[in-house]
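Got a predicted model here, sequence first, then my questions.
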Amino acid sequence: MRPLTPRRLLSVCAILAGVLFVVVVLSLRLGAYSISSGDIVMTLINRVIGRTNQIPSEFNLVVFGLRLPRIALGILVGASLSVAGAGFQALLRNPLADPYVLGVSSGAALGAILSLSLAPHSPLAMQGAAFLGAVGTIAAVYFLGRRGGQLDSSTLLLAGIISASFLSAIISFLMTTLAGRDLRGMAFWLMGDLSSAPPADPGRWFGWLFFVFFIAAGAIYTTASDLNLILTGEEEARHLGVHVGRVKLVVYVSASLLTGLAVSVSGSIGYVGLLVPHVIRMIFGSDYRLLIPATAIGGAIAIVFADTLARMVVAPTELPVGAMTALAGAPVFIYLLRRRMR
Amino acid sequence: MQFRKSYPSILFLAIALGATAARASQAPVPPATTVPKPTAQVTDELGRKVKVTTDVRRIVSLAPNLTETVYALGLQERLAGDTDYCDYPKEAAGKPHVGGPMSPSIEAIVALQPDLVLATTSINRVETVAALERVGIAVYVSDPHSVEGLLAGIRKIADITGASASGKSMVDDLQARLDSLHASLNGSTPCRVLFVVWSSPLISIGQGTFIADALKLAGAESVVKSTRNWPEMSLEEVIRLRPEYLVFARGHDDPDAGNLDALRKKPVYRDLKPVREGHVVSVSDSIDRPAPRMIDAIEALAHQLHPEVFAALRDDFGPRDWDSASWLPAKAGAKEGYLCGR
């Protein structure tokens, strides 16, 4: 493992941030409503220097009302799911762990749907319920995945898959009994989607979402060097003075919080939390002190890019971004699984 | 002897049990006759050849619009069963239900011993029709793509069920109302509208739907030129298409459907030109139910979109039920902007 210097950390993050910037510009440029690159640049410049009255109202609406909030949401969801995935992978010492595969996304979706039917129109209740659903599911999967007191990779994956299908069955049941005819609105939760318009006060809303993200991701980051040691073996880590139980609890709660956060605003988007940490590991190595920030930016790149594709391939209609990530993610998941079996 | 004598009563018991299972107990419907009745070959709207008895006494409707049609034809006494969604007229909800239109219980339908089942391509599934065919139940499938087709279908159902006279007079009356509407609107420029079937996710209508046809009769045209029946739209696409009016179908459990105040608070929506100018219209959900009441909805919509045409006529109209309370206030504050295309 190459030693991690602040310089290396910063340069990796700067490179990834550059890629993210390019993807964001691309995503701002493309869409059903066509605006030239020059107009995008002029719109942004006018907005920054405060000459909003110079911007044609339709440009203003498309760029600042639709595309930018959607990109911001994509960044938040991608970063949350990827960091949560990296966290679960360390926690369960299993590179195939991911919020979606482990059924955590389904648990969060069930929580969100329950709160939608029991207490509609109270957004915080939904986020809270999604979080509780995520925590409850990962607890159940963790419990079911143990064999003889030890976490077993294949048992754990099976437990996750079974929990996911069980929870999906409950969701189907709720959708037919509680929701009556409102099937399409709820189907959103099963196939991740970034298209919902932001609420009345987007600035404050995004402020809160990113605040929660930084708290949870920061909490995982504080355990990064401990996670490096735990990955070499729990006993060894314990001998070196790591509070394994406390580290696990912090990562466990934070990763569930990140998953609940992502699902509550975008439905369940699969495979990002699995693939992004893998790709980052392949390129930059598996030091968690570098992996976590790099994974956050990488996840943002992946979701914004996938969502841009999802908006383009069948324009003017849109695919849910979850369909794009599953299309790309499922084959790679099988590849990783088979490579592991060899 | 004893046994043989009681055989019919056992049969009766079995039927009664089956009928109870189908929640058919309270139906004041004439009992089915066991003697084979003369049949006639009927071609339904899909071109299927169906043998239907010439003396239809028991009808099961598999869709709300068909239930409405049955009531409008005065055949409610013969309606043996309908679906969970059949809510108009109110008495229809009291009929024995066979489940939802998408997944009715074939057993419940069989237990009701219908002479004729009415189905529609707009909400029922082909598998249901095939399953009923296999057990020898006559199914008439309606397939309305236009208001003209709707009226022809009503005539056809009336003919099959022996209600030709009331069918003809009703359809003639509806046609006369449409003709008079057409005469009043002659010369007005059609309004360019976005018809909103569902607002989250945003779903509109394609060119081949009966709603698109109903809009034309109401002096409007849909800005969406899709060949798919229920295209999902992005808001960006809506901005690009620049509709003059937003038309919402009321009656779903969608709190924001056509509520101008709610739309004025929603980001992006509040900046759309039709919302800024108060050009938001809501119309009874009978507009998306191909049944006789659809003509009421077409008239109400025409009055909202072309008030200038009907202003002169209004005094002559007298107090007619246009669902007036809910659609008149939406226009307050936009007095000058009505005249479409002028």
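Structure received.

Relative to A:Ala140, how far out is the most centrally placed residue in chain A?
In chain A, the centroid-proximal residue (CA atoms, centre = their mean) is A:Leu81; its distance is 2.2 Å. Separation of A:Leu81 from A:Ala140 (CB to CB, to the nearest Å): 20 Å. Using the backbone N, CA and C atoms, a C-beta is placed for each residue, glycine as well.

And B:Leu301, by the same measure?
52 Å.

now A:Arg289
Taking CB to CB, one finds A:Arg289 at 31 Å from A:Ala140.

Show me which of those two is the more surrounded one.
Counted by other CB atoms under 10 Å in any protein chain shown, A:Arg289 and A:Ala140 do not tie: A:Ala140 has more neighbours, with 20 against 14.

which stretch of helix or strand covers that one?
Following DSSP states H and E, the helix or strand that holds A:Ala140 is helix A:123-144.

go on, B:Leu194?
Here B:Leu194 is assigned to strand B:191-196, by DSSP H and E.

which residues of chain A fall in strands?
Applying DSSP state E to chain A gives strands spanning A:146-147, A:150-151.

quick one: low-confidence parts of the stretch 151-300 of chain B?
B:251-257 (pLDDT under 70).

Quick one: the helices in it, in order.
For the stretch 151-300 of chain B, the helices defined by DSSP state H, counting those that start in this stretch occupy B:164-185, B:210-217, B:235-241, B:260-265, B:273-276, B:294-305.

For chain B, list the residues in contact with chain A, please.
B:85, B:100, B:198, B:200-201, B:203, B:226, B:228, B:231-237, B:239-240, B:252-255, B:265-269, B:271-272 (CB under 8 Å from any CB of the partner chain).

List buried residues within those residues.
B:85, B:100, B:198, B:201, B:203, B:226, B:231-237, B:239-240, B:252, B:254, B:266-269, B:271-272 (16 or more other CB atoms under 10 Å in any protein chain shown).

What number of residues are in the vicinity of residue 128?
Unless you meant another one, I'm taking chain A. Other residues within reach of A:Gly128 by the criterion other CB under 10 Å amount to 16.

Correction: the question concerned chain B.
B:Thr128 has 23 nearby residues by other CB under 10 Å.

tell me the contacts of it?
Contact analysis of B:Thr128 by CB atoms under 8 Å, 6 or more residues apart in numbering or on different chains lists B:Leu62, B:Ser103, B:Pro104, B:Ile106, B:Ala119.

Tell me which of the residues of chain B next to chain A fall in strands.
Checked against DSSP E, those include these in strands: B:Trp198, B:Ile203.

so A:Phe88 touches A:Pro99, yeah?
Yes: A:Phe88 is in contact with A:Pro99 according to CB atoms under 8 Å; the separation is 6.7 Å.

And the residue of the stretch 1-150 of chain B that's closest to chain A?
Residue nearest to chain A within the stretch 1-150 of chain B: B:Tyr85 (7.2 Å; CB to the nearest CB).

returning to what we had before: which secondary structure elements does the strand holding B:Leu194 sit against?
helix B:210-217, strand B:220-222, strand B:245-249 (3 or more CB pairs under 8 Å, 6 or more residues apart in numbering or on different chains; DSSP states H and E).

a markdown table for the ones you listed, including mean neighbour count?
As requested, these are exported to a markdown table (neighbours: other CB atoms under 10 Å in any protein chain shown):
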| stretch | mean neighbour count |
| --- | --- |
| helix B:210-217 | 22 |
| strand B:220-222 | 24 |
| strand B:245-249 | 25 |
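
Which of the ones you listed sits closest to A:Ala14?
strand B:245-249 (45.7 Å; CB to CB).

Direction included, what does that closest one pair against?
Strand B:245-249 has the following sheet partners, assigned by DSSP bridges: strand B:191-196 (parallel), strand B:280-283 (parallel).

hey, which of these is tucked in deepest?
Ranked by mean neighbour count under mean count of other CB atoms under 10 Å in any protein chain shown, the strands paired with strand B:245-249 are led by strand B:280-283, which reaches a mean of 26.

Distance from that strand to the middle of the chain?
In terms of CA atoms, centre = their mean, to the nearest Å, the centre of strand B:280-283 is set 18 Å apart from its chain centre.

for stretch B:87-101, same thing?
Chain-centre distance of stretch B:87-101: 14 Å, with CA atoms, centre = their mean.

any residues touching it, and which ones?
By CB under 8 Å, 6+ apart, the surrounding residues in contact with stretch B:87-101 are A:176, B:22-27, B:60, B:62-64, B:67-68, B:71, B:76, B:79-86, B:104-105, B:108-109, B:112, B:123-124, B:286, B:293.

how long is it from one end to the other?
With CA to CA, to the nearest Å as the measure, stretch B:87-101 spans 13 Å from end to end.

I'd like the mean pLDDT over it, please.
Averaging pLDDT along stretch B:87-101 gives 90.

cool, stretch B:303-320 as well?
pLDDT averaged over stretch B:303-320 gives 69.

picking up where we left off before, neighbour count: A:Phe88 and A:Pro99, which is higher?
Higher neighbour count among A:Phe88 and A:Pro99: A:Pro99, with 36 against 30, using other CB under 10 Å.

Nothing else from me, thank you.
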